[in-house]
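**Student:** have a look at this fold, sequence not included:
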């Protein structure tokens with residue numbers, strides 16, 4: 001006979017996506033991509049960290065830039081240390097706003113998870 005621990009906490013999970021013009025604009029994976037670009041200053045390093053091709057990462061950035069009111073990521077020209085990428089103020093703002101929305105959603109979900117007895 002299996003003993004069931006009735007004290008286990010239920011959780012509700014939800015991924016937040018924000019669309020613009022009926023197209024995916026920002027979600028968890030794209031936010032991670034932006035955060036890794038912020039951390040590493042490089043699209044290729046961010047792509048490696050996310051186990052995706054540079055081409056895929058650049059396409060996601062291109063899509064986000066096209067849907068945004070201004071660019072989120074800009075490439076920097078190479079030199080002795082090579083090129084890179086930086087987040088613009090708009091890119092930083094998008095991360096901040098997304099994290100606020102995700103936090104508020106998580107609060108609501110956690111509140112309801114305490115009411116579940118399954």
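**Tutor:** Structure received. Just so you know, these numbers come straight off a predicted model, no measurement behind them. Residues are numbered from 1 along each chain as shown.

**Student:** what about the strands in the chain?
**Tutor:** Along the chain, counting by DSSP state E, strands occupy 18-20, 23-26, 73-76, 84-87.

**Student:** which residues of this protein score low on pLDDT?
**Tutor:** Applying pLDDT under 70 to the chain flags residues 1-8, 79-81, 117-118.

**Student:** what's the single longest helix in it?
**Tutor:** Ranked by number of residues, the top helix in the chain under DSSP state H is helix 89-113.

**Student:** tell me how far the closest residue to residue 73 other than its chain neighbours lies from residue 75.
**Tutor:** Nearest residue to residue 73 in three dimensions, chain neighbours excluded: residue 61, at 4.9 Å (CB to CB, 6 or more residues apart in numbering). (Each C-beta comes from the backbone N, C-alpha and C, glycine too.) If you measure residue 61 against residue 75 using CB to CB, to the nearest Å, the figure is 9 Å.

**Student:** dump the strands of the chain into CSV; add mean neighbour count as well.
**Tutor:** Listed next are the strands of the chain as CSV, based on neighbours: other CB atoms under 10 Å:
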stretch, mean neighbour count
strand 18-20, 13
strand 23-26, 17
strand 73-76, 16
strand 84-87, 18
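
**Student:** reformat these as JSON lines; add distance to residue 10.
**Tutor:** Written out in JSON lines, the entries for those read as follows (distance: least, CB to CB, whole Å):
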{"stretch": "strand 18-20", "distance to residue 10": "27"}
{"stretch": "strand 23-26", "distance to residue 10": "28"}
{"stretch": "strand 73-76", "distance to residue 10": "38"}
{"stretch": "strand 84-87", "distance to residue 10": "37"}
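
**Student:** figure out which of those is closest to residue 100.
**Tutor:** If you check each of these against residue 100 by CB to CB, strand 18-20 wins as the nearest, at 11.6 Å.
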